[in-house]
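> how would this look folded up:
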Amino acid sequence: MPKIRISPGEKSAYVPKGENLFSVLREEGVTFPCGGKGICGKCKIRFVKNPPEPSSVELKVLTPEEISSGIRLACCCRIEEDAEVALMVPQIVPSQLKLPEVEVEIEEPLCSGTFAAADIGTSTVYVAIHDAKEEKIFAFWNPQRAWGDDVISRLQEALQKDKKESMRKVLIERIKDVISKPGKPCDLVSIAGNPAMTAILADEDIENLARYPFSLGSKGFRRIEELLFLPEIGGFLGSDALSLLTVSKLLKANTPYIAMDIGTNTEMFLVSEYAILGTSLPAGPAFEGFGISQGMAATDGAIYEVEEDLTFKTIGPFAERGICGSGLVSAIYALKKRGFITEDGKLLAGKLFRFGKTFITQKDVRSFQTAKAAVHAGIKLLLKKANLVPSNLRTVLVAGSFGGYLKEEWLKGLNILPEGTEAPVTYIGNVALWGAKWSVLSVKVRKLMESLKNEVEVIQLAEEEGFQEAYLEGMRL
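Take a look at the predicted model:
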């Protein structure tokens, strides 16, 4: 039987000759939203060695560039010989995640034993297992992406009760897999995330979030069995956003400032002496490696930074297997600096530009532009609402795992931060995981969260005059 080597994780499996990889790769976290019919194109994998001939379905769904680089649909692959497969959905992996450096004392903890804190991101989930002696952090891509890469798509699917239950179960099982790793029972799992992710996980009614008025309202702490859900502000500003605001307040940043957690769903606050304005925007999955031709998570073999001379760095001692979110941003910045991309985003090098064995396409550049234009527009409109301009800002706080890899020159040089932003950028780490952890350990943090959730004026960007103009302005590189 042919032997299949699977990375990352360097696992091996044997399959009968002529068999497809459907059952083998489902166990490795690859999802098959269309049930293996080959119509959705979401079960992409990359053959590093001996790719099979593409099927007629793959010739229709995949681009010529994807096919030539070894990308196939897992549900269509028939294995005739030994091969090596690189997954575009990684396994649960240890993470060296940076948390905010905020001094808080342990006071009136909700749990005296081992507990877990979870940041339920739209694309990526982080889980920290904490006890008195140590803390271990693990990461994995959210398996709910089988029902859609973005929040809106997922909410529409979750309106169907059976799909919502499947989404809830698959994530709970994944979290259980993580917390079983250290071999210590967890007494509590504290959850932070955007309102869509937490409502699905808590099996709450999502009707008013998926449709008008697009809000489940303000919520306090609530516990469902061993799961503790943090307070939420309202609209699409959930406990992840509230954690960001809480950290910014504890850091005592000089006002006015922007605090934002950049990702598939980006949360943002403008904090001034007089008010706190908050908004959430669907930036899209390109920031986290989804929806781009050679996209992958920030794991072994991912290009995570492209230098201005177009050389690149990969994660770990591995050859390039794909490109993650920060790799895409840095690649576009480098190509712009070298004159290979115009200000309006046209790739002058042709249909694609190669970085070793991987590449970015014109479509990838457009995906980045639409993602960053949303962030640009959000900042512009919050400033306008507060009668401020970019030069008034004293600092810009950038949170999140992805945001921590974005250099200040990229943020300013690619027009993510609006022109005129002179304030320094400060990186503060993963605030959602910090909030989930310290909500358990500190009564001070719990009280501050309960207070802050009522102080935010939630801004619906799409309803603001000038949004379209600011968005189009943000498309410019």
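> Now do the same contact list for residue 158.
Going by C-beta atoms under 8 Å, 6 or more residues apart in numbering, residue 158 touches 147, 164, 167, 196, 200, 206, 210. Where C-beta positions appear, they are placed from N, C-alpha and C, glycine not excepted.
> Can you tell me the closest non-neighbouring residue to the fourth one?
Spatially, and ignoring its direct neighbours in sequence, residue 196 is nearest to residue 151 (4.7 Å; C-beta to C-beta, 6 or more residues apart in numbering).
> could you measure that neighbour against residue 343, distance?
Remark: distance between residue 151 and residue 343 (C-beta to C-beta, to the nearest Å) = 30 Å.
> Compare neighbour counts for those two and give me the winner.
A direct count of neighbours by other C-beta atoms under 10 Å for residue 151 and residue 343 places residue 151 higher, at 20 against 10.
> any low-confidence regions in this structure?
7-10, 23, 26-35, 42, 88-91, 93, 146, 182 (pLDDT under 70).
> Give the buried residues for the lengthiest helix in the chain.
When the chain is parsed with DSSP state H, its longest helix is helix 362-385. Neighbour-count burial for helix 362-385, counted by 16 or more other C-beta atoms under 10 Å, picks out 362-365, 367-369, 371-383, 385.
> Who are the contact partners of the residue nearest to residue 405 when sequence neighbours are not counted?
Nearest non-adjacent residue to residue 405, counting by C-beta to C-beta, 6+ apart: residue 326, 3.7 Å away. Residue 326 makes contacts with 298, 304-305, 402, 405-406, as judged by C-beta under 8 Å, 6+ apart.
> so what's the residue nearest to residue 196 up against?
Counting by C-beta under 8 Å, 6+ apart, residue 151 touches 122, 194, 196-197, 236, 264-265, 282.
> same question, residue 461
Contacts for residue 461 (C-beta under 8 Å, 6+ apart) come out as 279, 281, 377-378, 381, 467.
> tell me the secondary structure for residue 176?
Assigned state for residue 176: helix (three-state reduction, DSSP: H, G, I helix; E, B strand; the rest coil).
> can you check the one 5 residues further on too?
Using three-state DSSP, the three-state assignment for residue 181 comes out as coil.
> Is it correct that it is in contact with residue 138?
Yes: Residue 181 is in contact with residue 138 according to C-beta atoms under 8 Å; the separation is 6.9 Å.
> residues shared between the contacts of these two?
Each of 92, 129 lies in contact with both residue 181 and residue 138 under the rule C-beta under 8 Å, 6+ apart.
> Of the two, which one has the most company?
residue 138 (23 against 13).
> Contacts only, for that one.
Residues near residue 138 by C-beta under 8 Å, 6+ apart: 92-95, 126-129, 178, 181.
> Now which of those residues would you call buried?
92, 95, 126-129, 178.
> For the contacts of residue 138, give me JSON lines that also has secondary structure and distance to residue 251.
Below are these laid out as JSON lines (DSSP: H, G, I helix; E, B strand; the rest coil; distance: C-beta to C-beta, whole Å):
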{"residue": "92", "secondary structure": "coil", "distance to residue 251": "31"}
{"residue": "93", "secondary structure": "strand", "distance to residue 251": "29"}
{"residue": "94", "secondary structure": "strand", "distance to residue 251": "27"}
{"residue": "95", "secondary structure": "coil", "distance to residue 251": "23"}
{"residue": "126", "secondary structure": "strand", "distance to residue 251": "21"}
{"residue": "127", "secondary structure": "strand", "distance to residue 251": "25"}
{"residue": "128", "secondary structure": "strand", "distance to residue 251": "20"}
{"residue": "129", "secondary structure": "strand", "distance to residue 251": "26"}
{"residue": "178", "secondary structure": "helix", "distance to residue 251": "29"}
{"residue": "181", "secondary structure": "coil", "distance to residue 251": "32"}
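> Which one of those is nearest to residue 353?
residue 93 (28.6 Å; C-beta to C-beta).
> what residues are up against the most centrally placed residue in the chain?
Closest residue to the average C-alpha location of the chain: residue 123 at 4.1 Å, with C-alpha atoms, centre = their mean. Applying C-beta under 8 Å, 6+ apart, one finds that residue 123 lies in contact with 141-142, 145, 149, 263-264, 285, 288-290.
> Next, it: phi, psi?
When read as degrees, to the nearest 10, the backbone of residue 123 gives phi -100, psi -40.
> now swap in the one 10 residues further on and tell me
For residue 133, the backbone dihedrals (degrees, to the nearest 10) come out as phi -100, psi -40.
> contacting residues around it?
With C-beta under 8 Å, 6+ apart, residue 133 has no contacts at all.
> separation between it and residue 40?
Going from residue 133 to residue 40 by C-beta to C-beta gives 45 Å.
> do residue 400 as well
For residue 400 relative to residue 40 (C-beta to C-beta), the value is 28 Å.
> So for those two, which residue has more residues nearby?
Neighbour count, other C-beta under 10 Å: between residue 400 and residue 40, residue 400 has more, with 27 against 16.
> wait, that one sits on residue 264?
No: the pair residue 400 / residue 264 is not scored as a contact, 10.3 Å apart, by C-beta under 8 Å.
> helix/strand/coil for residue 110?
Classified using three-state DSSP, residue 110 is coil.
> before we move on, the earlier item: how close does the residue nearest to residue 196 sit to residue 224?
Taking C-beta to C-beta, one finds residue 151 at 21 Å from residue 224.
> what do you get for residue 152?
Taken as C-beta to C-beta, the span from residue 152 to residue 224 is 25 Å.
> Which one of these two is surrounded by more residues?
The neighbour comparison of residue 152 against residue 224 (other C-beta under 10 Å) goes to residue 152, with 16 against 12.
> which ones are touching the more buried one?
Contact partners of residue 152, counting by C-beta under 8 Å, 6+ apart, are residue 282.
> That one looks like it's in a helix, true?
Yes: according to three-state DSSP, residue 152 belongs to a helix.
> now it: how far from residue 387?
31 Å.
> Could you double-check that residue 295 sits in contact with residue 327?
No: using C-beta under 8 Å, residue 295 is not in contact with residue 327, being 9.2 Å away.
> and the two? which has more neighbours close in?
residue 327 (30 against 24).
> Tell me who's in contact with the more buried one.
By C-beta under 8 Å, 6+ apart, the contact set of residue 327 is 302-306, 312.
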